[in-house]
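Q: Pasting the sequence and the predicted coordinates here, then a few questions.
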Amino acid sequence: MSIATTIELISNGRAAGATCTPDLAAPTWDFDTVPGYGPGSSMSDVIPTSAPRQGVIPDEYRNAPDDELHERIERAKATLGDRVVVLGHFYQRDEVVRHADFLGDSFQLANAALTKPDAEAIVFCGVHFMAETADILARDDQRVILPNLAAGCSMADMADIDSVEAAWAELTALYGTEPDADGRVPVIPVTYMNSAADLKAFCGRNGGIVCTSSNAATVLEWAFERGQRVLFFPDQHLGRNTAKAMGISTDRMPMWNPRLAGGGNTAAELLEAQVVLWHGFCSVHRRFTVDQIAQARREHPGVQVIVHPECPMAVVDAADVAGSTDLIRKTVAAATEPTTFAIGTEINMVNRLAAEYPQHTIFCLDPVVCPCSTMYRIHPGYLAWVLEALVRGEVLNEIVVPAAVQIDAKVALERMLAAKPRPLAGQRDPGPAATGTAAPSAAATGTAATTTVRA
Ligand code: SF4
């Protein structure tokens, strides 16, 4: 069920629940010019002044009804054929996902782009850092397009290159640069996939690596083989949850606040640290609470609670399973008996799973409908706009990562690609057989031809 349908049902009193803001019903372009990220989970986060802004698109797209936009997108895609590939993130709205050739998480979609060597253009219906990663991994002559330039990620925007370089200078001044007796350098930088390309490049040129939520444990092991400690950015929760599952004490994971000298820590605390955690978070996953889990267990005895590792530590500890979007999908797909699942991740993905697996009872842990506001900025109007321009031979909203950044970022991404995914310690991987490769049902996505790809 699409968010628009859910909002309509709630406002008409035909469904239980609430939305985080009535502005969710407003068209995307009404909030593209507001100072924050717009309605949804990160609407209160501060948007950096350097974040890209989307200019006004022609009225014919802003005023077109949904059916007309749908037909125009279909027609443009049919005309372009294999010359274009449309990628849709799991958290994207259904009205956009129905046009995607591939559906997946950011890592899977970056790989999916590589499987379409004939495509001249990759239209990425996700957020800015994902399009940058696709541009780094794509062939030089493939053009990567983000339908709405203002579709950023508030978590990624919480770490910028200047703040990270300043932190690095302080830390290396404290730790020195000499390896220990085992040849391990004092500190290794690790960035989550959800970060700007220049931060991935920073890791590449400083002996570091990129991680995803699927392979964060393998990546931290890689880092500790080469370093005495890790600087992990931008998501504190993924860093903390992964390091804790590896047996590292939370006492040895100080938080680095980029606005404070020493990140707000004493030299002694930093010298004791094993993982220095950046003060970043995902506003979507921060909404989940231990109380919601308790309520789900009270109201649905036997419920399986699955949460994403971007959730706070107490939530991950209280859940039955914690893992990436892919692991969440695999866990649901692997259930052979009708099961009740309470899921702690973005609402569009939870609703789609509920439609795709009607034999199970699947609901979002958070009773309030609150989508990822940055993903929400990709409206079908923007998709129609960039696709029809491609038909005319025009490339709009191209994402181009500078060559020097690409070279270093690719080093860190290639290290990431070699680090195989595995679940957090103590948790079971449902196994590759459970990974979906078939198209979600029409009920789940509106139309066919959408394929979930594996990393
Ligand atoms: S769900 Fe969170 S981490 Fe993912 S794009 Fe939205 S704000 Fe960023």
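A: Ah, there it is.
Q: Please pick out the residue of this structure most distant from its centre.
A: A181 (38.2 Å; C-alpha atoms, centre = their mean).
Q: which stretch of helix or strand covers that one?
A: Per DSSP states H and E: A181 is located in neither a helix nor a strand.
Q: Can you tell me how far it is from the ligand?
A: 39 Å (C-beta to the nearest ligand atom, to the nearest Å). Quick note: C-beta positions are derived from backbone N, CA and C, even for glycine.
Q: which residues does that residue contact?
A: Shown in contact with A181 (C-beta atoms under 8 Å, 6 or more residues apart in numbering): no residues.
Q: close to the ligand, is stretch 321-336?
A: No. Judged by C-beta under 6 Å from any ligand atom, stretch 321-336 stays clear of the ligand, getting no closer than 9.4 Å.
Q: Can you point out the buried residues in that stretch?
A: Residues of stretch 321-336 classed as buried: 321-333, 335 (neighbour count, 16 or more other C-beta atoms under 10 Å).
Q: just stretch 67-80 next, same as before
A: L69, H70, R72, I73, A76, K77, L80.
Q: quick one: average confidence on that stretch?
A: Stretch 67-80 carries an average pLDDT of 98.
Q: Need the residues that contact that stretch.
A: 61, 64, 84, 86, 95, 98-99, 121, 380-381, 383-384, 387-388, 390-391.
Q: repeat that for 7 Å
A: V84, V86, H99, P380, G381, L383, A384, L387, E388, L390, V391 (C-beta atoms under 7 Å, 6 or more residues apart in numbering).
Q: Show me which pair in those residues is furthest apart.
A: Using C-beta to C-beta, the two most remote members of those are V84 and G381, lying 17.6 Å apart.
Q: ok, back up a step: out of the buried residues of stretch 321-336, which one sits closest to G239?
A: A322 (13.7 Å).
Q: What residues does V187 make contact with?
A: L171, T172, Y175, G227, R229, V230, L231.
Q: Read off the pLDDT value for it.
A: Checking the pLDDT column for V187, the value is 98.
Q: Please flag which of the contacts of V187 sit within strands.
A: The strands, defined by DSSP state E, take in V230, L231 from the contacts of V187.
Q: just the strands in the stretch 351-455 of the chain please.
A: For the stretch 351-455 of the chain, applying DSSP state E, counting those that start in this stretch gives strands covering 361-364, 368-369, 451-452.
Q: Enumerate every residue touching the closest residue to D141 other than its chain neighbours.
A: Nearest residue to D141 in three dimensions, chain neighbours excluded: E120, at 7.4 Å (C-beta to C-beta, 6 or more residues apart in numbering). E120 makes contacts with R83, Q142, R143, as judged by C-beta under 7 Å, 6+ apart.
Q: how about 10 Å then?
A: Residues in contact with E120 (C-beta atoms under 10 Å, 6 or more residues apart in numbering) are L80, D82, R83, V84, V85, R139, D141, Q142, R143, L390, V395.
Q: follow-up on the earlier one: which of the contacts of V187 sits closest to P312?
A: Nearest member of the contacts of V187 to P312, counting by C-beta to C-beta, is V230, at 19.8 Å.
Q: close enough to count as contact, P312 and Q292?
A: No. P312 is beyond contact range of Q292, at 11.6 Å (criterion: C-beta atoms under 10 Å).
Q: OK, contacts around Y192?
A: Counted by C-beta under 10 Å, 6+ apart, Y192 has contacts 106, 129, 155-156, 159, 199-200, 210-213, 216, 219, 232-235, 238-239, 278, 280, 282, 310.
Q: try 8 Å this time
A: Y192 touches V210, C211, T212, S213, A216, F232, F233, P234, D235, L238, G239, counting by C-beta under 8 Å, 6+ apart.
Q: And the fourth one, how close does it get to L327?
A: In this case it means S213. For S213, the distance to L327 equals 8 Å [C-beta to C-beta, to the nearest Å].
Q: and R286, what pLDDT?
A: 97.
Q: Can you tell me which of the contacts of Y192 is closest to the ligand?
A: Nearest to the ligand among the contacts of Y192: D235, at 7.4 Å, using C-beta to the nearest ligand atom.
Q: Write out the residues of the stretch 301-450 of the chain neighbouring the ligand.
A: E346, C372, T374, M375.
Q: Whatever residue of the stretch 301-450 of the chain ends up closest to the ligand - how many residues pack around it?
A: As assessed by C-beta to the nearest ligand atom, the ligand sits closest to C372 within the stretch 301-450 of the chain, at 3.4 Å. Using other C-beta atoms under 10 Å, C372 has 29 other residues around it.
Q: cool, G55 as well?
A: G55, neighbours per other C-beta under 10 Å, totals 10.
Q: got the CA positions of stretch 76-95 in PDB?
A: Taking Å, rounded to 0.1, in the frame of the first residue of the first chain, the C-alpha atoms of stretch 76-95 are listed here in PDB:
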ATOM      1  CA  ALA A  76       9.600   7.200 -22.200                       C
ATOM      2  CA  LYS A  77      11.000   4.000 -20.800                       C
ATOM      3  CA  ALA A  78       9.600   2.000 -23.800                       C
ATOM      4  CA  THR A  79      11.200   4.500 -26.200                       C
ATOM      5  CA  LEU A  80      14.500   4.400 -24.400                       C
ATOM      6  CA  GLY A  81      14.600   0.600 -24.100                       C
ATOM      7  CA  ASP A  82      17.900  -0.800 -22.900                       C
ATOM      8  CA  ARG A  83      19.500   2.600 -23.200                       C
ATOM      9  CA  VAL A  84      18.200   3.400 -19.700                       C
ATOM     10  CA  VAL A  85      18.100   1.500 -16.400                       C
ATOM     11  CA  VAL A  86      15.900   2.800 -13.500                       C
ATOM     12  CA  LEU A  87      17.000   1.800 -10.000                       C
ATOM     13  CA  GLY A  88      14.600   2.000  -7.000                       C
ATOM     14  CA  HIS A  89      15.600   1.800  -3.400                       C
ATOM     15  CA  PHE A  90      13.600  -0.300  -0.900                       C
ATOM     16  CA  TYR A  91      12.600   2.900   0.900                       C
ATOM     17  CA  GLN A  92      11.300   4.600  -2.200                       C
ATOM     18  CA  ARG A  93       7.500   5.300  -2.600                       C
ATOM     19  CA  ASP A  94       5.500   2.700  -4.600                       C
ATOM     20  CA  GLU A  95       4.500   5.200  -7.300                       C
END
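Q: Tell me the buried residues in stretch 34-46?
A: Y37, G38, P39, G40, S41, S42, M43, D45.
Q: and the ligand, which of the residues you listed reach it?
A: S42.
Q: Among the buried residues of stretch 34-46, which one lies nearest to Y357?
A: For the buried residues of stretch 34-46, the nearest to Y357 is S41 (24.1 Å; C-beta to C-beta).
Q: So that closest one versus G280, what's the distance?
A: 14 Å.
Q: Ok, H360 next?
A: Relative to G280, and taking C-beta to C-beta, H360 is found at 33 Å.
Q: now R297
A: Distance from R297 to G280, by C-beta to C-beta: 30 Å.
Q: Those two: which is more packed in?
A: Applying other C-beta under 10 Å to R297 and G280 shows that G280 carries more neighbours, namely 26 against 15.
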